[in-house]
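Student: generate coordinates for the sequence data below:
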Amino acid sequence: MIDFGIFEILNITDEIKNEIMNGKSSIEIRKEAVKQGYKPLIVDGIRKVIEGNTTIEELNKKLLFI
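Tutor: Numbers count the residues shown, from 1 in each chain. Below you'll find the model as predicted:
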């Protein structure tokens, strides 16, 4: 099987920057990020499982180290 990376990227937009600067909780910041299209690491991993690029077992191994 070919090695694939699993990625999570958070673009710090003005809205997210303001939430961070205003001391919002990580849950509130995450909600705003999701509204703006943020995809958590698990979502990218599951997509790669569905596409057949990896297995759920391999994904589980990687997520345990986060």
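Student: who touches the residue nearest the centre of the chain in this structure?
Tutor: Centroid check for the chain by Cα atoms, centre = their mean gives Pro40 as the closest residue, at 1.9 Å. Residues in contact with Pro40, defined by Cβ atoms under 8 Å, 6 or more residues apart in numbering, are Glu8. C-beta here means a position set from N, CA and C on the backbone, and glycine is covered the same way.
Student: in which helix or strand does Glu32 reside?
Tutor: helix 26-35 (DSSP states H and E).
Student: in that helix, which residues are buried?
Tutor: Within helix 26-35, the residues scored as buried using 16 or more other Cβ atoms under 10 Å are 29-30, 32-33.
Student: name the helices or strands packed onto the host helix or strand of Asn18?
Tutor: In the assignment (DSSP H and E), Asn18 maps to helix 14-21. In terms of contacts (3 or more Cβ pairs under 8 Å, 6 or more residues apart in numbering; DSSP states H and E), helix 14-21 is packed against helix 26-35.
Student: which secondary structure elements does the next helix or strand after the helix it packs on contact?
Tutor: Scanning forward in sequence from helix 26-35 by DSSP H and E, the next helix or strand is helix 41-50. Secondary-structure packing of helix 41-50 (3+ Cβ pairs under 8 Å, 6+ apart): helix 56-63.
Student: just the CA atoms of the helix holding Asn18, as PDB, please.
Tutor: Provided in PDB are the C-alpha atoms of helix 14-21 (Å, rounded to 0.1, in the frame of the first residue of the first chain):
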ATOM      1  CA  ASP A  14     -10.000  37.500  10.600                       C
ATOM      2  CA  GLU A  15     -13.100  36.000  12.300                       C
ATOM      3  CA  ILE A  16     -11.000  33.200  13.800                       C
ATOM      4  CA  LYS A  17      -8.300  35.600  14.800                       C
ATOM      5  CA  ASN A  18     -10.900  37.800  16.600                       C
ATOM      6  CA  GLU A  19     -12.300  34.800  18.400                       C
ATOM      7  CA  ILE A  20      -8.800  33.800  19.600                       C
ATOM      8  CA  MET A  21      -8.000  37.400  20.600                       C
END
